[in-house]
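**Student:** predicted model and sequence follow; I will ask about them next.
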Amino acid sequence: MYKKIYRNMCFISMATLVLAIVLIISACYSYFDNRFKTEISAEAAISAAFINSGENPVEILQKTDTGDRRFTLIDKDGTVLYDSASDNPDNHSSRPEVIKAMKDGIGIAERYSATESKKLYYYALRLDNGSVLRISANPEIMPSMFYSILISVLFISALIYLLSAIVSMCLTENIVKPIKKIDPFDEESFESVYEEIQPFLKRIAKQNAEISRQIDKVKEQKARLQAIMDNINEGLIIIDTNCDVLTINNPALRILRAEVKYVQFKGFRQLTDSESVLSAADKALRGEKNNIIYEAGNRTYQIFCSPVTENGIISGAVLLLFDVTERTESEKIRREFTANVSHELKTPLTTIHGYAQIIDSGIAKPDDIIGFVKKIEKESSRLMALVNDIIELSHLDENKGDTPKQNISLMPLVTEVTDTLAPKADERNVTISVTGEDTTIYANLPQITEMVYNLIDNAIKYNKPSGSVTVKISPKKLEISDTGIGIPEKYFERIFERFFRVDKSHSKTVNGTGLGLSIVKHIAKVNDAELKVKSTPGKGSTFTVIFK
């Protein structure tokens, strides 16, 4: 605005100055032109007065001639009696100024002179005897006088323009100064500005306040929406039709291992190089809903891609990323469990069925039937134990926190279990010792009894001949250590899987269902206990249960 006002003021000053110069030049030119013609007419009148008084016209004209005028005396018939510029002039009866002077007394003309080879101004005056006195001069003499004045005018004009530029700058500064002090958010500053624009400024201030309020509201809504998006477990990504990322929340960034500053408003391809994910996004942008399974690290995600339409036109797509690792693992465990259960049930059933067929067919000798019956009894006992363990796991899986609990003294419970397992320990030449002080826990009695039984039973079964089992009781803690075969560290997590065995060849010699540690893990979880394991292959294992 400052430059515009300044330029306009300078333009007005310049236009005014140019107009003034033109008017002055025109006035000066007109003045000198009139003066030039007046001087010639005055000279002609004086010379005519002397000639009319009877003086010799040639002598008078010779005395009057100053060199810058041409004097011509013409007789009635056009004969030139005297010419200061030519010794042998031709007849002038056809000259327009002469014709006019003979008729009206005065004749004026301006034309090119062949005698002097330049343009001349002619003034003819009729004398009393009928002859004509003509004075001519070059009108270009007049501009030379005008130019001397014009230089001074231009110099003065330059000074005036410089002064007007400085004055324009000061005036512009004074005009703009109050406007510069305006604060759109402070209505008190409006009082010092021009009265004419105060209503406009107040309207702007009101609009600014409304805009600020709307911006704050939008920011608040955006922050609330972002907080909601960042606190949901699922990843959320919104892309536009150019496949540029418009919005992404923290879970999605964690899943795709990216930072928002590197992907916000940038291409989706900078976020991931997975062709399956990019293909799913492209399908969504074409209006096709779809979902894919995406694996990142040791986690599994299901990505749902849906198009976003506005007035029937696709304007982008939304991608939702769900962590389905646990579900996938559960399905995998369920499938493995089904396969393992089928296998574990098939073995004893096949044995029972085979021996029963032999006995039924009469092939077996009477002395062998007793052995076959014992084997059938052993396999059926194994089958029943397996079924009981499966039923127990099912009950634990379905437990919803309504398991009845009570205060339990751990020392009597452990003593009772060790007494029950003493014959089995003696059979394998394994010694059992219980140390520590009694502690009280809050848990389900039958489940804790079964957990302690399974842990001590495993310590006996997987021990070395003449080995030992130590049960240590401390406040809210139970430790069961053995001197058995041990477990490699890489299997610490897997030993709690159903039917998992570290050494399958050794497990064949050990009577068990393969579900003991799975039951232990579920019982610990149901009773809010923490289960830890330490083991060294060939030296033994220690299972620790910490109760809350």
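**Tutor:** Here it is on my side, so go on. Residues are numbered from 1 along each chain as shown.

**Student:** centre of the chain to the helix or strand where Lys202 lies, how far?
**Tutor:** Take DSSP states H and E as the rule and Lys202 turns out to sit in helix 198-231. Taking the mean of its C-alpha atoms, helix 198-231 sits 19 Å from the chain's own mean (C-alpha atoms, centre = their mean, to the nearest Å).

**Student:** show me what it is packed up against.
**Tutor:** helix 250-256 (3 or more C-beta pairs under 8 Å, 6 or more residues apart in numbering; DSSP states H and E). The C-beta positions use only the backbone N, C-alpha and C, and glycine is treated the same way.

**Student:** return the alpha-carbon coordinates of the helix it packs on using PDB.
**Tutor:** The C-alpha trace of helix 250-256 is given here as PDB (Å, rounded to 0.1, in the frame of the first residue of the first chain):
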ATOM      1  CA  ASN A 250       0.800 -44.400  16.300                       C
ATOM      2  CA  PRO A 251      -0.200 -48.100  16.300                       C
ATOM      3  CA  ALA A 252       0.100 -48.100  12.500                       C
ATOM      4  CA  LEU A 253       3.500 -46.400  12.700                       C
ATOM      5  CA  ARG A 254       4.600 -49.100  15.200                       C
ATOM      6  CA  ILE A 255       3.300 -51.900  13.000                       C
ATOM      7  CA  LEU A 256       5.000 -50.500   9.800                       C
END
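
**Student:** number of residues surrounding the residue lying closest to Ala356 once chain neighbours are set aside?
**Tutor:** Nearest residue to Ala356 in three dimensions, chain neighbours excluded: Ile376, at 6.6 Å (C-beta to C-beta, 6 or more residues apart in numbering). By the criterion of other C-beta atoms under 10 Å, Ile376 has 18 neighbours.

**Student:** next: Tyr301.
**Tutor:** 22.

**Student:** longest helix in the protein, please.
**Tutor:** Ranked by number of residues, the top helix in the chain under DSSP state H is helix 2-52.

**Student:** and it, how far from the chain's centre?
**Tutor:** Centre to centre, stretch against its chain (C-alpha atoms, centre = their mean), the figure for helix 2-52 is 69 Å.

**Student:** so where's the stretch 351-500 of the chain uncertain?
**Tutor:** Within the stretch 351-500 of the chain, the stretches with pLDDT under 70 are 382, 385-402, 492, 494-500.

**Student:** quick one: the helices in it?
**Tutor:** In the stretch 351-500 of the chain, helices defined by DSSP state H, counting those that start in this stretch lie at 366-398, 410-427, 445-461, listed in chain order.

**Student:** need those helices in TSV (columns: distance to Ile314).
**Tutor:** Listed next are the helices of the stretch 351-500 of the chain as TSV, based on distance: least, C-beta to C-beta, whole Å:
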stretch	distance to Ile314
helix 366-398	45
helix 410-427	65
helix 445-461	56
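
**Student:** other residues contacting stretch 110-129?
**Tutor:** With contact meaning C-beta atoms under 8 Å, 6 or more residues apart in numbering, stretch 110-129 is reached by 36-37, 40-41, 44-45, 48, 51-52, 70, 74, 85-86, 89, 95, 97-98, 100-102, 105-109, 132-140.
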